[in-house]
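Asks: following is a predicted model, sequence given first.
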Amino acid sequence: MDKTYRAAFAAVDGAKDELLEMERYIWKHPELGFREWKTQDYLIPKYEKLGLSVHKIGDIPGFYIDIDTGRKGPKVGVFGELDALCVPSHPESDPETGAVHACGHHIQSVILYGTAVALVKSGILDEMCGSIRLMGVPAEEILSRDFIEELKEKGAVQYPQGKQEFLRRGVLDGVDMALMIHTGDVGFALNKGCNGSIYKSFRFIGKTAHASGPWDSNNALYAANNALNAANALREVLSQKNMVRFHPIITKGGDVVNNIPDDVRMEAMVRGLTLTALLKANEKINRAYAAAAAGMGCRLIIEDSHGCFPRREDLNLQEAFKEVSHLIWKEEDLHFDRAPAGGVTDMGDVSSVMPICHAFVGVSKIPGHTAKFVIEDAYNGCVNGPKVMVGVLIKLLTDGGKFAEKVIEEKQVEFGSVAEYVEFTQKGFFKGEAVVYNDDGTVTLRYKTNDIRS
């Protein structure tokens, strides 16, 4: 093993007790997304004790730290997510909020800090070029729509998740690539990305009448039922290869039982593994819903909004993780070709504008997001996690940053800039009346995504 790696790993080993103590403390003090103020206040003094300057985001939780080598080169971002899940049935959840780290994000905070320790205390910065931006980021988990709307009304956020807000606020300006390590179920793993999503709301507006005499009504609930059936009939043409999925719920089915429903509302999500597949599926769903509304003579208001972009893994960055992981784990503990995941993450948004790698370090074989989740192997997450992260930074930023430059030169991203990303996410989705009843008796269906990139 190269002496630079040995020095970095030794620094992490020297901080082992502190890292494991951090894991227990944050586990016992979970906070939900955009409310991680106590977690932030616990972490920041630790970075300052290392002699690092911490920049708070301000009106939302979150911070970043720049570590500059003083030599020209690429800038690599490293994320650590701060938020917990809401699982009130978990025996160790917060009794007031239901929060618990049942997805293991608290270990990401430990990995981020352990990476800082290795960079500062090992002397390896003398061998590196460029700079590193460490970021404690809030709100990866999807929050309640009502809470997000409250934050939007206050002007605190424009996006529902932390990395999306970091992009909008310019926190990633100048960052060339980004890394993070999530908790998983085995020693060390990489997968082939994950789905993206579009959030949807539908409002069917009909014409009411007394239920005993519905002859002159337009039943909005029947229109919604027809829409559900039409969407179900589309399932065989939705791409299985691209893991397309559509899942709706009815949030309002009418007002009183003896009136024909004239106001029915639904929320839904479309998921897909590529942006193209996601947008195509979304248009088919919108068309089916518009046709169902038109068939019952109802109005339909659709509001599509950005969820997350599909996470696209950079193969060069994955190669760097593979190389370094062999220095830490046995061969049987390495899993490099796992299938794409059906869930979504705002790391997908970051991958739409820069190369990323979202690796996994095993801490528990118990499924996350459940009431039984516990940390079974804190050492693997809290000690081996920082080792592989700092090792990848060494790989990227030594030798004049040669490997990092290769990543930049060969990158494949959806948007050429953060500004393009912001414009698309704010203007690129359908919002408005989906059915237009023309004076000549014809009906016009409106359902397509706004193509603002052409």
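Replies: That came through, no problem. Residues are numbered from 1 along each chain as shown.
Asks: quick check: residue 347 touching residue 358?
Replies: Yes. The pair residue 347 / residue 358 is scored as a contact, 5.0 Å apart, by C-beta atoms under 8 Å. Where C-beta positions appear, they are placed from N, C-alpha and C, glycine not excepted.
Asks: shared neighbours, these two?
Replies: Both residue 347 and residue 358 are contacted by 180, 311, under the criterion C-beta atoms under 8 Å, 6 or more residues apart in numbering.
Asks: tally of neighbours for the closest residue in space to residue 341 that isn't next to it in sequence?
Replies: Nearest residue to residue 341, sequence neighbours excluded (C-beta to C-beta, 6 or more residues apart in numbering): residue 194, at 3.9 Å. Residues lying near residue 194 (other C-beta atoms under 10 Å) number 25.
Asks: so how far is residue 225 from residue 194?
Replies: With distances taken as C-beta to C-beta, to the nearest Å, residue 194 is found 32 Å from residue 225.
Asks: kindly report the same for residue 320.
Replies: 52 Å.
Asks: the two - which one has more neighbours?
Replies: Set residue 320 next to residue 225 and count neighbours by other C-beta under 10 Å: residue 320 wins out with 23 against 17.
Asks: list the residues that contact that one.
Replies: Contacts of residue 320 (C-beta under 8 Å, 6+ apart): 357, 392, 395, 396, 403.
Asks: just the buried residues of these.
Replies: The neighbour-count criterion (16 or more other C-beta atoms under 10 Å) marks 357, 392, 395, 396, 403 among these as buried.
Asks: helix, strand or coil: sort out the third one for me.
Replies: Put plainly, it is residue 395. helix (DSSP: H, G, I helix; E, B strand; the rest coil).
Asks: these two touch, right, it and residue 406?
Replies: No. Between residue 395 and residue 406 there is no contact under C-beta under 8 Å: 10.8 Å.
Asks: quick one on the thing from earlier: please name the bridge partners of the residue nearest to residue 341.
Replies: residue 311, residue 341 (DSSP bridges).
Asks: quick one: it and residue 345 touch, right?
Replies: Yes. Counting by C-beta under 8 Å, residue 194 sits close enough to residue 345 to count as a contact (6.3 Å).
Asks: count of neighbours near residue 427?
Replies: Using other C-beta under 10 Å: residue 427 sits among 10 other residues.
Asks: how far away is it from residue 449?
Replies: In terms of C-beta to C-beta, residue 427 sits 10 Å off from residue 449.
Asks: quick one on the thing from earlier: list the residues that contact both of residue 194 and residue 345?
Replies: With C-beta under 8 Å, 6+ apart, residue 194 and residue 345 have common neighbours residue 311.
Asks: return the longest helix along the chain as CSV; C-alpha atoms alone will do.
Replies: Secondary structure of the chain per DSSP state H: the longest helix is helix 275-295. Output of helix 275-295 as CSV, limited to C-alpha atoms (Å, rounded to 0.1, in the frame of the first residue of the first chain):
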residue,chain,number,x,y,z
LEU,A,275,-35.1,11.1,-17.8
THR,A,276,-36.3,10.3,-21.3
ALA,A,277,-38.3,7.2,-20.0
LEU,A,278,-39.7,9.3,-17.1
LEU,A,279,-40.9,12.1,-19.3
LYS,A,280,-42.4,9.7,-21.9
ALA,A,281,-44.3,7.8,-19.2
ASN,A,282,-45.5,11.0,-17.6
GLU,A,283,-47.0,12.2,-20.9
LYS,A,284,-48.8,8.9,-21.4
ILE,A,285,-50.3,9.1,-17.9
ASN,A,286,-51.4,12.7,-18.4
ARG,A,287,-53.0,11.8,-21.8
ALA,A,288,-54.9,8.9,-20.2
TYR,A,289,-56.2,11.1,-17.4
ALA,A,290,-57.2,13.9,-19.7
ALA,A,291,-59.1,11.5,-21.9
ALA,A,292,-60.9,10.0,-18.9
ALA,A,293,-61.9,13.5,-17.7
ALA,A,294,-63.1,14.4,-21.2
GLY,A,295,-65.2,11.2,-21.4
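Asks: elements contacting it?
Replies: Packing contacts for helix 275-295, counted by 3 or more C-beta pairs under 8 Å, 6 or more residues apart in numbering; DSSP states H and E, involve strand 196-205, helix 220-233, strand 263-272, strand 299-308, strand 435-437, strand 443-445.
Asks: okay if I get those as CSV plus distance to residue 76?
Replies: Formatted as CSV, those follow (distance: least, C-beta to C-beta, whole Å):
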stretch, distance to residue 76
strand 196-205, 24
helix 220-233, 43
strand 263-272, 29
strand 299-308, 22
strand 435-437, 49
strand 443-445, 47
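Asks: low-confidence ranges in the chain?
Replies: For the chain, applying pLDDT under 70 flags the ranges 451-454.
Asks: tell me how far stretch 95-108 lies from the chain's centre.
Replies: 16 Å (C-alpha atoms, centre = their mean, to the nearest Å).
Asks: do stretch 44-58 as well
Replies: 25 Å.
Asks: quick one: contacts of stretch 433-453?
Replies: Contacts for stretch 433-453 (C-beta under 8 Å, 6+ apart): 279, 282-283, 286-287, 289-291, 293-294, 298-302, 304, 420, 423-424, 427-430, 432.
Asks: was I right about residue 121 contacting residue 14?
Replies: Yes. Assessed by C-beta under 8 Å, residue 121 is found in contact with residue 14 at 7.2 Å.
Asks: so for residue 132, which of the helices and strands packed on helix 275-295 sits nearest?
Replies: strand 299-308 (25.0 Å; C-beta to C-beta).
Asks: which positions in the closest one come out as buried?
Replies: Buried residues in strand 299-308 (16+ other C-beta under 10 Å): 299, 300, 301, 302, 304, 306, 307, 308.
Asks: what lies in contact with that strand?
Replies: Contacts of strand 299-308 (C-beta under 8 Å, 6+ apart): 159, 161, 164, 195-206, 223, 269, 282, 286, 289-290, 293-294, 344-346, 348-349, 425-426, 428-435, 447, 449.
Asks: just the buried residues from those residues, in ChimeraX please.
Replies: The following ChimeraX line selects those of these that are buried, judged by 16+ other C-beta under 10 Å:
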select :159,161,164,195,196,197,198,199,200,201,202,203,204,205,206,223,269,282,286,289,290,293,294,344,345,346,348,349,425,428,429,430,434,435,447,449
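Asks: outline the domain layout of this structure.
Replies: For the chain, automatic domain parsing gives the domain ranges 3-192+311-409, 196-308+418-445.
Asks: winner for burial among those?
Replies: Ranked by mean neighbour count, the domains of the chain are led by domain 3-192+311-409 with a mean of 20 (mean count of other C-beta atoms under 10 Å).
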